[in-house]
Every structure is written in structure tokens, then in C-alpha cells.
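Chemist: Structure, please.
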Amino acid sequence: MALNLRTSRPWHKAVTFLVVGCLAAVWGVTGCSGDGGDYNPPGANARVGPVLIRYAHIAEPPDGPWRTGDDAPLYLWLFTQGQRTDRLLGAETTVAQSVDIVDADGAVRGPVVLPTGKLVELEKGRAHLLLRGLRQQIRGGDYVWVTLRFERAGEIALQVHSQIPTYVDDDATDAPGLTSPSPE
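Modeler: Numbering: from 1, shown residues only. Below is the predicted model of the structure:
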């Protein structure tokens, strides 16, 4: 039984449209990176007034969870799109006794100036925030609320993620062969 060319052509176009539509949807969901790997940078992203907040996260715990009494670094990037310079005045959270702005060496410093149109990276080896005297244990993967205070932009509360560690706690997994790296 042969199909009439007139009826098969609209069917062919419909199938082609459906296949292309499905492929576009799959690519839109999974992405089209050339390296085949996923990149999911840590942290919360937000905006308060003209200030963009990117990658706000608590640093990876070094050898297990951050314990009660520990000081945990909080890293983030700030970018001001406004016409005027702003300043990060400080932060607060209920999970620590205080939050200080510190230099790379841990010395307390004053507010962080945010020049308009310039990226300010508060991260390891630079000025950053430090949650002092944790009131509770924080494991990699936990979330805590932190409120950032800016001179002009005002305040914003963020749910900040504690970065998931690259080591694996033997007690946290039953998968064979996954162990913590031995200290050097």
C-alpha cells in the first residue's frame, strides 16, 4: 500500500517539527557545554538596590563539620550597578556570636568600599566575612540565614549554603571505597 505524496509531506513536517522541538527542550534543560561537565558554583545570588550579590557561601569545612565555637569564613562577590559608591557595613546571623569583616590575615577591618561598576571579591586570601563563635554545628550542605547591611542599598537576608566538602566523611556514607583523604 503506497502513501500519497501529498498526505505524507505534512506528516513528515509535523514529525520533523516535533523532533526538533524535543531536542531544543532537552538542550535547554541540560545545557550545551562543550566539556560535558556540570559547573554549579556555590552560593546564593541576590540583589539589594543596585548591589548584586553573587556566590555567597560559607567556606567548605576543612576536616568535618564546622563545630560549635569555630569561626567560619563566608565568601561572596559584590558588584554595584548604581551611580554612587556603596559600602558593605557588616552582617549578622543567629548561628554565630558575631560576624566581622576581616582582612586576609583575620584582622578586623572597617567597611568594604564598593565602587560603582567594579567587582569586589570577598574570598580566601582577601578581605571577607567571618562568622565568629558558631552557636551550632554547620555541616557541608547546611543552610543558614545571614543579613548583609549596606550603607546606601539597605539590608538583605540571604539563605547561605555551607559549601559541600570535597572529602567524604566515612560515617556519612555507606558507599564502599569512599573515604576521607589522609592528612599529609
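
Chemist: So, low pLDDT: which residues of this protein?
Modeler: Scanning the chain for pLDDT under 70 picks out 1-42, 166-184.

Chemist: where along it do the helices fall?
Modeler: 5-30 (DSSP state H).

Chemist: okay, stretch 90-101 in CSV with CA atoms only?
Modeler: Written as CSV, here are the backbone C-alpha positions of stretch 90-101 (Å, rounded to 0.1, in the frame of the first residue of the first chain):
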residue,chain,number,x,y,z
GLY,A,90,28.6,44.5,58.2
ALA,A,91,26.4,41.4,58.6
GLU,A,92,24.6,39.4,61.3
THR,A,93,23.3,35.9,61.8
THR,A,94,21.7,33.9,64.7
VAL,A,95,24.1,31.0,64.2
ALA,A,96,27.2,32.9,65.4
GLN,A,97,28.0,35.3,68.2
SER,A,98,29.1,37.9,65.7
VAL,A,99,30.0,38.5,62.0
ASP,A,100,33.2,40.5,61.3
ILE,A,101,34.6,41.9,58.2
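
Chemist: which residues sit against it?
Modeler: The contact list for stretch 90-101 (Cβ atoms under 8 Å, 6 or more residues apart in numbering) reads 72, 74, 88, 108-112, 127-136, 138, 144-149. Where you see a C-beta, it was placed from the backbone N, CA and C, and this is true even at glycine.

Chemist: Mind doing that once more with 6 Å?
Modeler: With Cβ atoms under 6 Å, 6 or more residues apart in numbering as the test, stretch 90-101 has contacts from 108-109, 112, 129-136, 144, 146-149.

Chemist: Can I get the buried part of those residues as one ChimeraX selection?
Modeler: To isolate the buried members of the contacts of stretch 90-101 in ChimeraX, using 16 or more other Cβ atoms under 10 Å:
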select :112,129,130,131,132,134,144,146,148,149
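
Chemist: Wait, residue 114 touches residue 80, no?
Modeler: Yes: look at residue 114 against residue 80 with Cβ atoms under 6 Å: they come within range, at 4.6 Å.

Chemist: Name the residues contacting each of these two.
Modeler: residue 86.
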